[in-house]
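Peer 1: here is my input; please provide its structure:
(chains A and B)
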Amino acid sequence: MLITILLAIFIPFIAACLVPLIHTFLTGRRIGWFVIAVPLILFILLFRLVPSLSDGTTYLYTFPWIPSAGVYFSTHVDGLSMIFALLITGIGSLVVLYSIYYLSEREAIGRFYTYLLLFMGAMLGVVLSDNLIVLYVFWELTSISSFLLIAFWYHRKQSRYGAKKSMLITVTGGIFMLAGFLMLYKITGTFSLQELIGMREIIAADSLFIPALLCVLLGAFTKSAQFPFHIWLPDAMEAPTPVSAYLHSATMVKAGIYLVARFTPVFAGHASWFYIVSCVGLLTMLWGSVNAVKQTDLKALLAFSTISQLGMIMSMLGIGSLAFASSESTHIALYTAATFAALFHLINHSTFKGSLFMVVGILDHQLGTRNINRLGGLATIMPITFTIALIGSFSMAGLPPFNGFLSKELFFEAMLSLRDANLLTMNSLALLFPIVAWIGSIFTFIYCMVIVFQSFMGRVPAPFPGQRPAHEAPIQMLIAPIVLGSLVLLIFFFPNTLGTYILGPAMLAVYPHLEQMEGLVPEIYAWHGWKLPIFMTLGVVIAGILMYRFLRYWKGVYRLGILQFTLDRFYNTFLMWTERMASVITKSYMTGSVRDYVAYIMLFFLAFIGIGLIGFQQFIFDFSNDAPVGSNESLIIFVMMCSSIAILFAKSRITAIILNGVLGYSIAILFVVFRAPDLALTQIIVETVTTVLFLLCFYYLPEWRSERQSASVRVRNGILAVASGVVVTVVALLVQGHSFYPSISTYYETTSRVLGGLNVVNTILGDFRAFDTMLEVLVLFIAGLGVYSLVKLRRKKGVDQPEEK
Amino acid sequence: METLITLLVGVLVAVGVYLLLAKEMLRIILGTAILSHAIHLLILTMGGLKKGDVPLLQEGAAQYTDALPQALILTAIVISFGVTAFLLVLSYRVYQESGRGPGLRGPRDE
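Peer 2: Numbering: from 1, shown residues only, chains lettered A, B, ... in the order given. So this is what the prediction gives:
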């Protein structure tokens, strides 16, 4: 088991690294056959765990990673993880298969599959890890790989815009989520999800409960494109269609759903959790479906429909959370049924939406357009594609005999179940939920009809430039959507197999305390009898057909001001404003002048040390330990002070260099006085060579001019210089007055004696710090190389210098 | 003695920083050289001055001067020499390439 889980997380990453390597001899699109093996094998491996999971077994493995910070690399597999893991690998296999024929040979196929595998590994990591920090790392990795995949055609401006947008929004949410995790850690002292579930009472009693809840939800909502963070998803459609089908409908956008389901046993039961999750979800559903109808680009339509469907799943999870607040078993059964419906619809959505995306990809690939105004009458030309589109759309619309019908009925039932929920002080609101859900479903129905009838029925529109002759897609491209379409049908006929083996264990993960409850995993029936849900569905169908018939008469409504309003504009303005502010602020101090930067460094030093000194407040200067001052020494010091100040006023560079020489040799004398013969010798040699070097360079360089700096700059420099001198002196004097630790030098003296090295300085350099000395030699060597190349190497004539153009 | 040397260090640091903020490359190089002089003296002073004999082990010496700062300074002298040499050649090359006097120019100087 452990091996399977670790393989599931790491094999995609390893394969991602191998892709460029293998691509060299498995050229062209054939590399896809290597890539497809990864999700396929993982799918089979993971599927083998399904029987044991359906018995209620879970697998938890922990390896220490940063134990001191509570971070363990722990993996946890239960029913909920398994649903997602199977979706990731299952849909992943189909998407890779589809992409082999979708991408043209001219594309950077290797890069594409590297990113795709990177995403696969990250996503599996998200759903299989138990430690929140590990989960967060994988979570952000999915954002990054999504960014890379959206920007796959990075020469397009729109792709870059979409990639940046998705990155900014999801990563911002991710940071909030991390903050929420840290708050949870502060409350409980653990990052383990399973342990958090056990401490739900402690968490609920803490004052950080609401902030943590909001932060975690923010992460989930940004990732799952919930209102008002949904704006990134339509722009993410710039990605190649297999990516849209995989990341932006089947897996990554469902990570937020996963997070909410995961945290339901931690947070649920509190009114705020229920209200936020269900209201945001329902609003998203309505907003997404209403906006989907007005789209003309099929992919944009599908993007808004994904937003809407994600909102629908989210709202059901919100209702499901009420089971934690309720004590009556009949109520509990109603609410758990909502969560069941959410998980069921999650799978259904992946099947029909995946197939629809692939259909749109086929249309785009075959005809060169996905604008519904340019499509029409394709049903007879592309019968198989049409059939798949029909199955997918009708399932999404909630019609039998497709799986969407089953989950749509359960959805209505969940919404209606709120009628009995008087526990969280909601009576009038309870009526609003089913109505909003019903309106949202009507719009869902309309856009589903738009997909089928406007692109496949009716007259063939006038040809447009760049149009390719329509014909059925190659069979290799059709396999993946056919498989998904068949699943749509299969699930309708055998929903309970899915319910028992896949959904049941997941329900246990969401409701660990209800393990003993009867009917936690309800039977799904296609026919419930004449009850409210079926009437609602009938209403949706009738209203939907009527509204679709007269679509062109009322479509003008979308031009009204309020519906024209998009949050995109807000995002763009905000981004522009931030960029402008950043540029103003940065330009104000990044002057491009190195002198200014040096001044900043000195200023920071002064401020840092100066403030430290003020805070220190113990100005004890202890001069008692000073050595006596001899007259010859004071003379040398006097000379040095004079010559150093004189350098500032030197009229010619020769004067300056001689004064520098005076300084250097005076220091050598001081070294002698202070009993450092090695230093004195070295200093004399180095000073001589330096002076020679200076003089040598002067031969080639022009005479120096007096500094032409404005008086204010000079005053600034003077103040900085004097202040630095004062600070250094004060700090040095203070340090001499305080001795916190005994000197370590006696160690070297005694050990040198043992080693037989009589010159202690040499022994330190050659023995104790030999490695250091070796690196010092290396530094000198590099400097020598630099000097040599600067003097010797010349630009070849006739060679273009790219940066000069 | 230590106090006096520390004052000298302060003067050298002030001169060095002032030169470092100059326009002309040569002044900057001199500034780095003087700064490293100052720091060498500072390190030596930190270990205490004239506190014993030369750190060459011999019979009859009661106490030796602290050898560790000396070893550190020895390394520092050599490295600062390398830096000075590199900077000098760099300024030479800048002059050769640009034909202008070796100075650092910001956009405001044009």
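Peer 1: from residue A:768, how far out is residue B:48?
Peer 2: 20 Å (C-beta to C-beta, to the nearest Å). Where C-beta positions appear, they are placed from N, C-alpha and C, glycine not excepted.
Peer 1: A strand includes residue A:765, no?
Peer 2: No. Under DSSP: H, G, I helix; E, B strand; the rest coil, residue A:765 sits outside any strand and is assigned helix.
Peer 1: that one: neighbouring residues, count only.
Peer 2: By the criterion of other C-beta atoms under 10 Å in any protein chain shown, residue A:765 has 21 neighbours.
Peer 1: residues contacting it?
Peer 2: Applying C-beta atoms under 8 Å, 6 or more residues apart in numbering or on different chains, we find residue A:765 in contact with A:772, A:773, B:71, B:74, B:75.
Peer 1: which parts of the helix or strand the second one falls within are buried?
Peer 2: In other words, residue A:773. For residue A:773, the host element (DSSP states H and E) is helix A:770-792. Within helix A:770-792, the residues that count as buried by 16 or more other C-beta atoms under 10 Å in any protein chain shown are A:773, A:776, A:783, A:787, A:790.
Peer 1: point me to the residue of chain A nearest chain B.
Peer 2: Across chain A, the shortest distance to chain B (C-beta to the nearest C-beta) belongs to residue A:593, at 2.6 Å.
Peer 1: for residue A:713, see how far away that residue is.
Peer 2: Using C-beta to C-beta, residue A:593 is found at 10 Å from residue A:713.
Peer 1: with residue A:555 instead?
Peer 2: Distance from residue A:555 to residue A:713, by C-beta to C-beta: 67 Å.
Peer 1: now residue B:24
Peer 2: Residue B:24 is 14 Å from residue A:713, by C-beta to C-beta.
Peer 1: higher neighbour count, these two?
Peer 2: A side-by-side neighbour count of residue B:24 and residue A:713, using other C-beta under 10 Å, places residue B:24 first with 21 against 15.
Peer 1: hey, what's that one bridged with?
Peer 2: residue B:103 (DSSP bridges).
Peer 1: helices and strands of chain B: which one has the lowest mean pLDDT?
Peer 2: Across the helices and strands of chain B, mean confidence by mean pLDDT, DSSP states H and E is lowest for helix B:67-98: a mean of 88.
Peer 1: quick check: buried residues in it?
Peer 2: Within helix B:67-98, the residues that qualify as buried by neighbour count (16+ other C-beta under 10 Å) are B:67-78, B:80-82, B:84-95.
Peer 1: low-confidence stretches in chain A?
Peer 2: A:420-429, A:466-467, A:560-566, A:617-618, A:703-708, A:795-805 (pLDDT under 70).
Peer 1: how about the strands in the stretch 301-450 of chain A?
Peer 2: Secondary structure of the stretch 301-450 of chain A (DSSP state E, counting those that start in this stretch): no strands located.
Peer 1: now the helices: where do they sit in it?
Peer 2: Per DSSP state H, counting those that start in this stretch, the stretch 301-450 of chain A carries helices over the ranges A:329-367, A:383-397, A:403-416, A:429-449.
Peer 1: count residues in the vicinity of residue A:606, would you?
Peer 2: Quick note: residue A:606 (other C-beta under 10 Å) scores 16 neighbours.
Peer 1: contact partners for it?
Peer 2: Here residue A:606 is in contact with A:720, A:723, A:724, A:727 (C-beta under 8 Å, 6+ apart).
Peer 1: now rank the residues you listed by neighbours and give me the top one.
Peer 2: Counting neighbours by other C-beta under 10 Å, the top entry in those is residue A:724, with 23 neighbours.
Peer 1: that one contacts residue A:605, correct?
Peer 2: Yes. Taking C-beta atoms under 8 Å as the definition, residue A:724 is a contact partner of residue A:605 at 7.1 Å.
Peer 1: still on that earlier bit, can you put the contacts of residue A:606 in TSV and add secondary structure and distance to residue A:338?
Peer 2: TSV is the format used below for these (DSSP: H, G, I helix; E, B strand; the rest coil; distance: C-beta to C-beta, whole Å):
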residue	secondary structure	distance to residue A:338
A:720	helix	68
A:723	helix	69
A:724	helix	69
A:727	helix	67
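Peer 1: ok, which of those residues also contact chain B?
Peer 2: A:720, A:724 (C-beta under 8 Å from any C-beta of the partner chain).
Peer 1: centroid residue for chain B?
Peer 2: What sits nearest the mean C-alpha location of chain B, by C-alpha atoms, centre = their mean, is residue B:36, with 1.3 Å.
Peer 1: which SSE is residue A:477 in?
Peer 2: Per DSSP H and E: helix A:475-493 holds residue A:477.
Peer 1: burial measure for residue A:531, as a count.
Peer 2: Per other C-beta under 10 Å, the neighbour tally for residue A:531 reads 12.
Peer 1: which members of the buried residues of helix A:770-792 are the farthest-apart pair?
Peer 2: The distance between the two most remote of those (C-beta to C-beta) is 25.8 Å, for A:773 and A:790.
Peer 1: ok, now which ones touch residue A:341?
Peer 2: So residue A:341 contacts A:316, A:407, A:410, A:411, A:413, A:414 (C-beta under 8 Å, 6+ apart).
Peer 1: sorry, that was for residue A:315
Peer 2: By C-beta under 8 Å, 6+ apart, residue A:315 lies in contact with A:277, A:278, A:279, A:280, A:281, A:282, A:284, A:285, A:415, A:433, A:437.
Peer 1: what secondary structure does residue A:25 sit in?
Peer 2: Judged by three-state DSSP, the three-state class of residue A:25 is coil.
Peer 1: and it, what are its phi and psi?
Peer 2: phi -110, psi -10 (degrees, to the nearest 10).
Peer 1: tally of neighbours for residue 6?
Peer 2: No chain in the question, so chain A it is. Neighbours around residue A:6, by other C-beta under 10 Å: 15.
Peer 1: my question was about chain B, not that one.
Peer 2: Residue B:6 is flanked by 22 other residues according to other C-beta under 10 Å.
Peer 1: same question for the one 5 residues further on.
Peer 2: Applying other C-beta under 10 Å, we find 20 other residues in the vicinity of residue B:11.
Peer 1: could you list the low-pLDDT ranges of chain B?
Peer 2: Within chain B, the segments meeting pLDDT under 70 span B:99-110.
Peer 1: now residue A:791. Nearest residue, chain neighbours left out?
Peer 2: Nearest residue to residue A:791, sequence neighbours excluded (C-beta to C-beta, 6 or more residues apart in numbering or on different chains): residue B:89, at 6.0 Å.
Peer 1: before we move on, back to that, OK, contacts around the residue nearest to the centre of chain B?
Peer 2: Per C-beta under 8 Å, 6+ apart, neighbours of residue B:36: B:76, B:77, B:80, B:83.
Peer 1: quick one: which of the residues you listed is nearest to chain A?
Peer 2: residue B:77 (5.3 Å).
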